[in-house]
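Visitor: Mind looking at a prediction? Sequence and model below.
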Amino acid sequence: MKLIQGNEAVALGAVAAGCDFYAGYPITPATEIMEQMARLLPARGGVFIQMEDELSAAAAVIGAAWGGARAMTATSGPGFSLMQEHIGYAAITQTPCVFVDSQRGGPSTGLPTLPAQGDVMQARFGSHGDRAAIALTASSVLSAYEMTARAFELSETYRQPVVLLLDAVLSHMRENVELPKVEPAPRPMPAPGTDPEPFGDNPFVPFGAGRRTVVTGLAHDESGLPKTAGGQAQERMLLELQDRLRRDAAEITHYSSHALEGARIVVLAYGITARAAREAVEMLRADGVAAGLLDLQTLWPFPDFLVTEIAQGAQAILVPELNVGQYVIPVTAAVQGRCRVAPLGRADGNLFTPEEIAQAARDLLLAERGGVRRG
Amino acid sequence: MKLIQGNEAVALGAVAAGCDFYAGYPITPATEIMEQMARLLPARGGVFIQMEDELSAAAAVIGAAWGGARAMTATSGPGFSLMQEHIGYAAITQTPCVFVDSQRGGPSTGLPTLPAQGDVMQARFGSHGDRAAIALTASSVLSAYEMTARAFELSETYRQPVVLLLDAVLSHMRENVELPKVEPAPRPMPAPGTDPEPFGDNPFVPFGAGRRTVVTGLAHDESGLPKTAGGQAQERMLLELQDRLRRDAAEITHYSSHALEGARIVVLAYGITARAAREAVEMLRADGVAAGLLDLQTLWPFPDFLVTEIAQGAQAILVPELNVGQYVIPVTAAVQGRCRVAPLGRADGNLFTPEEIAQAARDLLLAERGGVRRG
Amino acid sequence: MRRDPLRVRLSGRGGQGIMLAGTLLAEAAMQDGLHVVQTQSYGPEARLGAAKSEVVISTRDIAFPEVLVPDLVLCLSRDAYLKFGRKVADGGVVLLEEAILKDVPDAKGQVLPLRATARDLGNELSLNVVGLGALVAITQAVSRDGLRSALRHRMKPEYLDLNIGALEAGFALGEAIQARA
Amino acid sequence: MRRDPLRVRLSGRGGQGIMLAGTLLAEAAMQDGLHVVQTQSYGPEARLGAAKSEVVISTRDIAFPEVLVPDLVLCLSRDAYLKFGRKVADGGVVLLEEAILKDVPDAKGQVLPLRATARDLGNELSLNVVGLGALVAITQAVSRDGLRSALRHRMKPEYLDLNIGALEAGFALGEAIQARA
Amino acid sequence: MTQPALQLVQGDRMLTVQRDWCKGCNLCIRSCPAGILSLDDGERIVGEGIARCSFCGVCAARCPDFVFTLARVPEAQMAMGGPQ
Amino acid sequence: MTQPALQLVQGDRMLTVQRDWCKGCNLCIRSCPAGILSLDDGERIVGEGIARCSFCGVCAARCPDFVFTLARVPEAQMAMGGPQ
Amino acid sequence: MARLGQDLSEYLRAEMMPTVWCPGCGHGIIAQGIATALREIRADLDQVVVVGGIGCSGRTPFYMNTGAMHTTHGRALAFATGLKLARPSLTVIVAMGDGDALAIGGNHFIHAARRNIDLTVVLYNNSIYGMTGGQAAPTTPQGSHSTTTPLGSIEPNFDAVELARAAGASFVARSTTFDFQEMPQLIARAIRHPGFSMVEVLSQCPTYYGRLNHLGEAPEMLLYERDRTRLLEMFGPPPEITREEMVGQLPIGLFVEEVRPEYTQRYSELCAAAGGSYHA
Amino acid sequence: MARLGQDLSEYLRAEMMPTVWCPGCGHGIIAQGIATALREIRADLDQVVVVGGIGCSGRTPFYMNTGAMHTTHGRALAFATGLKLARPSLTVIVAMGDGDALAIGGNHFIHAARRNIDLTVVLYNNSIYGMTGGQAAPTTPQGSHSTTTPLGSIEPNFDAVELARAAGASFVARSTTFDFQEMPQLIARAIRHPGFSMVEVLSQCPTYYGRLNHLGEAPEMLLYERDRTRLLEMFGPPPEITREEMVGQLPIGLFVEEVRPEYTQRYSELCAAAGGSYHA
Ligand SMILES: Cc1ncc(C[n+]2csc(CCOP(=O)(O)OP(=O)(O)O)c2C)c(N)n1
Ligand SMILES: Cc1ncc(C[n+]2csc(CCOP(=O)(O)OP(=O)(O)O)c2C)c(N)n1
Ligand code: SF4
Ligand code: SF4
Ligand code: SF4
Ligand code: SF4
Ligand code: SF4
Ligand code: SF4
Ligand SMILES: [Mg+2]
Ligand SMILES: [Mg+2]
């Protein structure tokens, strides 16, 4: 049992998952991840480098991955905006690597020390063009540790950049935790004697291992060679990856639920907000309201199957988030009118209190009862 | 009547709307906008500058706006990703300015010369934190001209960065057009003798005009002075702006519709795709299918009122887009199960042909007739 | 050929002036009072290899801007023929620079000595304009006067005479072929 | 004070060691086998002016991590009192460094000569640890041994003795106040 | 809560000490040639021997927090009885 | 469609001309000291007088398109009747 | 000449005081230097904009009673370039941290210098990232400590003066917070200079750089600044400095001061040639 | 010594030929120079990665029969830094355009130079943006024409050699595509150099720079390169060059070659001090 800060847990989770390369640029509230890595890595023979900015930090991470490292960086909103071009590059080059974004109030410099959940859609759509995004989140120091390790694992399995979304409160919060043992995910290797194509649904083989791979951000096919007269191969590989993610949805989707059975109102929350939501649900239950909680740790790919199922049973879904209404959009799209979906937003740098969420849930139920059912 | 290229029309539209500052960095397929501005502006005493990258181009545009200029830049996906931090800065500092993004295949370098519509969600959510985005698009050389001018107008009215989304085909396409006369939008000024606060719902007063305004990307209130202990004022100003946009939705939302009355299937298309969609709808109508078209020129703020109305009457909405399914998400969310919504995506650098869209519409109607109504 | 819309595809090697030819054709159509949309292939790959420029001409508004199946095709180089010249609408016309036959003896289309004509005029670079002239003479895609005034509009004065000459040579070449057919 | 959860707010001027005090208290609670969450104010504004660190201690899992209404409050500076010291749960305890009274004569809470005690120990910088000791002596928020071992865990050896001294002095101070009450 | 600024006037010279902005960094104290500056209990500047000030201005030049202002009092103002 | 590479062998020296990669830029032609290079109708390199080649290698060094390769034929291969 | 302890109140924004800076932070002394320089040149404060980046240094604009633009990390010079070009009559001063100007903002720094656009950069060099809590900067001397170089930095540091000179800056100077006489003078001279000017000011960060490197509090750090620098002939010809000589001590003074065609001036001529009139 | 016209086929990726470059483009000559240098140093091609940016020059990796990484515009050096650090046994060569390296990528250029990390930059300087169709680069000589400077550029251009030197590069050289003997030699020597090395190669872009500035076709442009440069003593002591002397002619040759502690080496020592072992 140890008293650990959220950011420290990320660093420890990364190292436990085999991370041996960190390139970054300091920014509140993510800085301590970097500072921890500066202490942890040299002693383990891993690489720590402070780059000149976030663009180069992301680039160095991708370069390092191609050098065979398990590489990561961590930043906050302004830096995350700057990393978007390279997240797209990592996606199209199928590079396993991890990006942590500890969210603070935005846009721009905003509220640099206060928590927010304003980068949730950016984690999905922040880079130009289309990609299949994987993004996790965490609501406790322990889950920050676990989800960091899981991010590395997913990045290996799908050969994609994986984003972990934290927030200023979780990053700086200390909790007493028992850190579970984590093994580095095995890196798939080509079967001996085979020489599969370097891209598509084939193992990741870094440089220096005897292959002269061609890596490019241009549209290409499984061979890696550019195909810019038309993007059919690139589109096909993207759709194949999306299919794989859909097939594996049950494994990829991390969540915990409380009292979902028979819940008339479901609070769908994620990250730090899920903690207040849990307390809110307990308050509601104590009040005799049939409330339940879906606490999502996997935000992207969007857990359609889960949300659709919940929408089947509930009368209403409340989506509290520390922004003016982001994740509620895909939730509403997935629900397709099966039940009412309501946002609960706040972007003033404060957390929701349990009372606020409980009150919003009560109001929503009242409106639902009184109101006309839409759709 | 003149034979004009899409990019040229943007430059001419900008100059007609009073644009007197261009800062940019070249990138296919937007480069000719810049090259035209390099010819047009010096002769008019306006400023043209090629910056060292897209980050600085966006920054210079914002700086110039605060110097009193009507400023713009143009780029494509990779550069648009790099501009996101500063688009957020322009939003929080309420700086009127215009960003053009001529979309090409992505992510990353992707298909640099081929058309796409993969930055549609990025135009809304690409910058960290929350903001109220305004984004227009165009499907013809004439509308590229008009929408550019309109972008300047909206940027003045709402004191916000406005994004215009084009694509590689429209940028490079030539059409014969008669360019209408456009007047620069009047810039609201403080009433004589008054000295209103510099931010919030007050006129934009640049530097050098006798005021010593404080401009910051930190959360602030109407005075401009930072308020970082809490973002209540910033949140309030954002919500007020969103309300204003909602109130003005009818004016802000540019669209054209064809045969919407009594349409059982509506094709909701935007940008270059709307052209094939128009032909597809004509083909369907000729076939006796009650098809209609909603051709959107305003993508953000999302035209809820319009989509809800259409969903009321139609059996299904088809959303063809040159991506693997982006704008269809808010459309589905807005429809809330009132009718079926189906995506039609393509990300291989080719346009949809009218036949493809028509076929997808027929398939959708068949499925809708045979299938069980969800919701 | 007075199809409406009329879909024309011009193709050649990078550097052969295909983009300009497309613009001239579009400009001529405009001078004729028609609706027109011109698109082109772009980028580094288009510099070498095969480049194309497409023009859709119509009396009505043109919705879809690209040419899927052309009514008229002009090919100035081997690669252009192989890539863009083998698809044409029923009853459409394909015009080929004669050098293509050397490499692709079974190429299908009307063969014209475009380069030879341009060379005779003292400037091989006007190949594109000769080709355009021939195309218009054979197909009446646009009016000859429209094309002449397009040239005057788009050409730097110092190159105008040369190109007007090439255009007229192209017209003559097209007429001669027509007469033969 | 054995409320469950127990919500503690420590506050003072930047540089007074409030963050460390919060961590020590949390660490002590952990040593006591309890669940604990510690949060703190952050950033440039917290360097000057008033900074706070909050600790929630419970026998059960702690959901909401922040302290909305504290059960215990410690204020080491005037600004901290004005900003954070005037809100406390019914029946809660507020402890104030006595210098605050100079500026805010009507401040509400138990007044303690924390700085004077620290100064007497020869190091004003141990003010935070003295305060923590007094808080624990008065409220039994955590065990004294837990706090002692937290100190041993978090302090560089060279500063340990000094701080153990400060802690014990704080305990004594708290006891004295208790006895008086 | 704002503390009033200290003022010292000698002839047409005036020293203003905006105590409220002081952060107690000691820079002025360590550089005042007259050695007349010190900190109070709240770690704010006090000038107990300020009457001995030579108006040399070093404190103002060294202070990062704009606490000291040395100024000449305009004659007009002097005529009206000095600064208030 | 790929054009076969030209080859010239003299003793153990071999000049290969990968005509297919030629873009007709004239750089080799303008720099060949023997003046034996020129372009064909399709603007690709031809070496009509290639027998007069002195194996100086300037063409290879000047060509931006890797068209020319000068190599020594390995003895073993020579023994087997030269390169094929 | 700057006079000691002059009344700067009209140059300062009193409602924003006290500053956000730590006790003894050198940044306040530099800000005072800028205010002094503005007074020295009798600037019309309505026509001055102080642009800041992000960092402790970047907060400067809030405290100046001028137009104030607090921008994004590293990009202040790009904002300033747009602002100056759009309204060349403004006096634009850019306050940037060493991380701000030379790490994330290095590119804008060299390009603004290259263009020789009439902006004045005051580079607050405290050898560290202050705002984010003491990480290494590209100016952190090799071997010294920061929270990201707990074992001492292994990277050589930039020399801002050399970099600015190589990039093409036409006015380049260095001073320190110890040199309260020369520093405001150099800033005033830089503002007057018609072209890109850069004054690097070595500043103390007692909270991080000082603490992590055991350099004492602000008063000790001021002496440290004094001892590690050497004043070269001010306003004289650019001295020859070699890397070797600089290991022990850093030269301070004025290194480059050349009048070369300024950017907005050249732009105005370009417009004239094109038949346009730029800000007539 | 590089031998004229040697067989480079094993160094080239034949399946990617012909290249995407225009007829007569100097970039092919530089790529040949890299291949020649690799042959010269008898590189194990499995352990070489050629990293490119975006631009015509950035396509180089596709044509080298080595590991190939075609990255993003301007950031190739940042990718290369990560790659090299993760696997220091690799030989990493970075092919960048002048826009790529000095416009958008200027910051990574100076920082990689500062760190003295063992990468070799080959800077393809054609004075223009080729790939996007002839816009001005920061290397476009003042007064010359591009599609964004239709009336002639009003901006002073960077000198890559001066910039690299000021930033701290330990090997700095310049050559041209005319100098087919020296250029590959300099590249080979740069690759061998243990530290950051930069070889700028002046290259012809007949399609844009040549056409827009009436410099003729490739053969004429080669002569133009010859005439506008002057070979300074190769492999000798760094010569003193003044801005004035350079107006007419650009010096070429080797300007800096100093062995200073290399970054991965220093990092390895850091790890050892911390008890770790870096790539043992
Ligand atoms: C894009 C971005 N990256 C990182 C940060 C975090 N950040 C704020 S200030 C700063 C560095 C401050 O150092 P410096 O520029 O030297 O200024 P100082 O605080 O030392 O005056 C950093 C990294 C940010 N705000 N934005
Ligand atoms: C972020 C980004 N901005 C702009 C571009 C467009 N772009 C591609 S290459 C290039 C410049 C090419 O010039 P240079 O680097 O000199 O290389 P060259 O083509 O001349 O070899 C530009 C601006 C891009 N691909 N990505
Ligand atoms: S003006 Fe001089 S003597 Fe007076 S307080 Fe200041 S430093 Fe001391
Ligand atoms: S220098 Fe200024 S801030 Fe520091 S102690 Fe003196 S008055 Fe206070
Ligand atoms: S090797 Fe020399 S002589 Fe032979 S073709 Fe080449 S340049 Fe001419
Ligand atoms: S140099 Fe090469 S590409 Fe140019 S003409 Fe000669 S063989 Fe062809
Ligand atoms: S952290 Fe350092 S630089 Fe920032 S205000 Fe404090 S002392 Fe100054
Ligand atoms: S555009 Fe210029 S640089 Fe690019 S390939 Fe062509 S000649 Fe070379
Ligand atoms: Mg700093
Ligand atoms: Mg170039």
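Guide: Right, received. Where do you want to start? Ligands and ions are numbered 1, 2, ... in the order given.
Visitor: Could you check which helix or strand contains the closest residue to residue A:140 other than its chain neighbours?
Guide: Closest residue to residue A:140 in three dimensions, ignoring its sequence neighbours and counting by Cβ to Cβ, 6 or more residues apart in numbering or on different chains: residue A:175, at 6.3 Å. Bear in mind the C-beta positions are built from the backbone N, C-alpha and C, glycine included. Here residue A:175 is covered by strand A:174-177, with elements defined by DSSP states H and E.
Visitor: OK, now which residue of the stretch 151-280 of chain G is nearest to ligand 5?
Guide: residue G:166 (40.8 Å; Cβ to the nearest ligand atom).
Visitor: Confirm for me that that residue is in contact with residue H:160.
Guide: No: the pair formed by residue G:166 and residue H:160 falls short of the contact definition of Cβ atoms under 8 Å, at 10.0 Å.
Visitor: Identify the residues contacting residue G:273.
Guide: Going by Cβ atoms under 8 Å, 6 or more residues apart in numbering or on different chains, residue G:273 touches B:42, H:151.
Visitor: To which secondary structure element is it assigned?
Guide: Using DSSP H and E, the secondary-structure element containing residue G:273 is helix G:263-274.
Visitor: what's the spacing between residue E:24 and residue E:38?
Guide: When distance is defined by Cβ to Cβ, to the nearest Å, residue E:24 is 10 Å away from residue E:38.
Visitor: ok, for whichever residue of chain E sits closest to ligand 8, nearest residue in space, not its chain neighbours?
Guide: Using Cβ to the nearest ligand atom, the single residue of chain E nearest to ligand 8 is residue E:64, 52.9 Å away. Nearest-residue entry for residue E:64: residue G:28, 2.7 Å, with adjacent residues in sequence omitted and distances by Cβ to Cβ, 6+ apart.
Visitor: would you say that neighbour is within a strand?
Guide: No: counting by DSSP: H, G, I helix; E, B strand; the rest coil, residue G:28 is not found in a strand; it is helix.
Visitor: got a list of what it touches?
Guide: Counting by Cβ under 8 Å, 6+ apart, residue G:28 has contacts E:63, E:64, E:65, E:66, G:19, G:21.
Visitor: try 7 Å
Guide: Residue G:28 sits next to E:64, E:65, G:19, G:21 when contact means Cβ atoms under 7 Å, 6 or more residues apart in numbering or on different chains.
Visitor: So the closest residue to chain D within the stretch 151-280 of chain G versus residue A:30, what's the distance?
Guide: For the stretch 151-280 of chain G, the residue positioned closest to chain D under Cβ to the nearest Cβ is residue G:207, at a distance of 7.3 Å. Spatial separation of residue G:207 from residue A:30 under the definition Cβ to Cβ is 20 Å.
Visitor: cool, and residue G:139?
Guide: Between residue G:139 and residue A:30 the computed distance is 22 Å (Cβ to Cβ).
Visitor: I'd like to know which helix or strand in the chain has the lowest mean pLDDT.
Guide: Using chain A. Comparing every helix and strand of chain A by mean pLDDT, DSSP states H and E singles out helix A:354-370 as the least confident one, with a mean of 93.
Visitor: That was the other one, I meant chain G.
Guide: For chain G, the helix or strand with the lowest mean confidence is helix G:243-246, at a mean of 51 (criterion: mean pLDDT, DSSP H and E).
Visitor: For chain G, what's its nearest residue on chain C.
Guide: Closest residue of chain C to chain G, Cβ to the nearest Cβ: residue C:156 (18.7 Å).
Visitor: re the thing from before, now the residue of the stretch 151-280 of chain G closest to ligand 5: closest residue in space that isn't a chain neighbour?
Guide: Nearest-residue entry for residue G:166: residue H:166, 3.4 Å, with adjacent residues in sequence omitted and distances by Cβ to Cβ, 6+ apart.
Visitor: quick one: the strands in chain C?
Guide: Secondary structure of chain C by DSSP state E: the strands cover C:6-13, C:35-40, C:50-58, C:72-75, C:93-97, C:110-112.
Visitor: same deal with chain E?
Guide: For chain E, the strands identified by DSSP E occupy E:6-10, E:13-17, E:38-39, E:45-46, E:68-72, in order along the chain.
Visitor: Counting by contacts, list what the third one packs against.
Guide: With contacts defined as 3 or more Cβ pairs under 7 Å, 6 or more residues apart in numbering or on different chains; DSSP states H and E, the packing partners of strand E:38-39 are strand E:45-46.
Visitor: The strand it packs on vs chain D: in contact?
Guide: No: between strand E:45-46 and chain D, judged by Cβ under 7 Å from any Cβ of the partner chain, nothing touches; the nearest distance is 14.0 Å.
Visitor: helices or strands next to that strand in the packing?
Guide: For strand E:45-46, the contact count by 3+ Cβ pairs under 7 Å, 6+ apart identifies strand E:38-39 as packing neighbours.
Visitor: chain center to the strand it packs on, what's the gap?
Guide: Taking Cα atoms, centre = their mean, to the nearest Å, the mean C-alpha location of strand E:38-39 is offset from the chain mean by 12 Å.
Visitor: got it, and stretch A:43-55?
Guide: Taking Cα atoms, centre = their mean, the mean C-alpha location of stretch A:43-55 is offset from the chain mean by 22 Å.
Visitor: again with stretch G:28-43
Guide: Using Cα atoms, centre = their mean, we find the averaged C-alpha position of stretch G:28-43 to lie 13 Å away from the chain's own average C-alpha position.
Visitor: mind listing what's buried in it?
Guide: Judged by neighbour count (16 or more other Cβ atoms under 10 Å in any protein chain shown), stretch G:28-43 contains these buried residues: G:28-40, G:43.
Visitor: any chance of those in a markdown table, plus distance to residue C:21 and secondary structure?
Guide: Shown next, in a markdown table, are those (distance: Cβ to Cβ, whole Å; DSSP: H, G, I helix; E, B strand; the rest coil):
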| residue | distance to residue C:21 | secondary structure |
| --- | --- | --- |
| G:28 | 68 | helix |
| G:29 | 68 | helix |
| G:30 | 63 | helix |
| G:31 | 63 | helix |
| G:32 | 68 | helix |
| G:33 | 64 | helix |
| G:34 | 61 | helix |
| G:35 | 65 | helix |
| G:36 | 67 | helix |
| G:37 | 62 | helix |
| G:38 | 61 | helix |
| G:39 | 67 | helix |
| G:40 | 65 | helix |
| G:43 | 60 | coil |
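Visitor: In chain C, which residue sits nearest ligand 8?
Guide: The nearest approach of chain C to ligand 8 comes at residue C:47, 6.4 Å away (Cβ to the nearest ligand atom).
Visitor: Give the full set of residues in contact with that residue.
Guide: Residues in contact with residue C:47 (Cβ under 7 Å, 6+ apart) are C:14, H:22.
Visitor: what separates residue G:200 from residue G:186, distance-wise?
Guide: Shown here: residue G:200 relative to residue G:186, a distance of 10 Å by Cβ to Cβ.
Visitor: now do residue A:134
Guide: 53 Å.
Visitor: Residue A:163 now?
Guide: From residue A:163 across to residue G:186, the span is 46 Å (Cβ to Cβ).
Visitor: likewise residue A:177?
Guide: 54 Å.
Visitor: higher neighbour count, the two?
Guide: residue G:186 (26 against 21; other Cβ atoms under 10 Å in any protein chain shown).
Visitor: For my notes, confirm the more buried one occurs in a strand.
Guide: No: read with three-state DSSP, residue G:186 is helix and lies in no strand.
Visitor: And for it, nearest residue in space, chain neighbours not counted?
Guide: residue G:173 (4.6 Å).
Visitor: Can you give me the neighbour number for the one you found?
Guide: Residue G:173: 28 surrounding residues under other Cβ under 10 Å.
Visitor: for it, helix, strand, or coil?
Guide: Per three-state DSSP, the local secondary structure of residue G:173 is strand.
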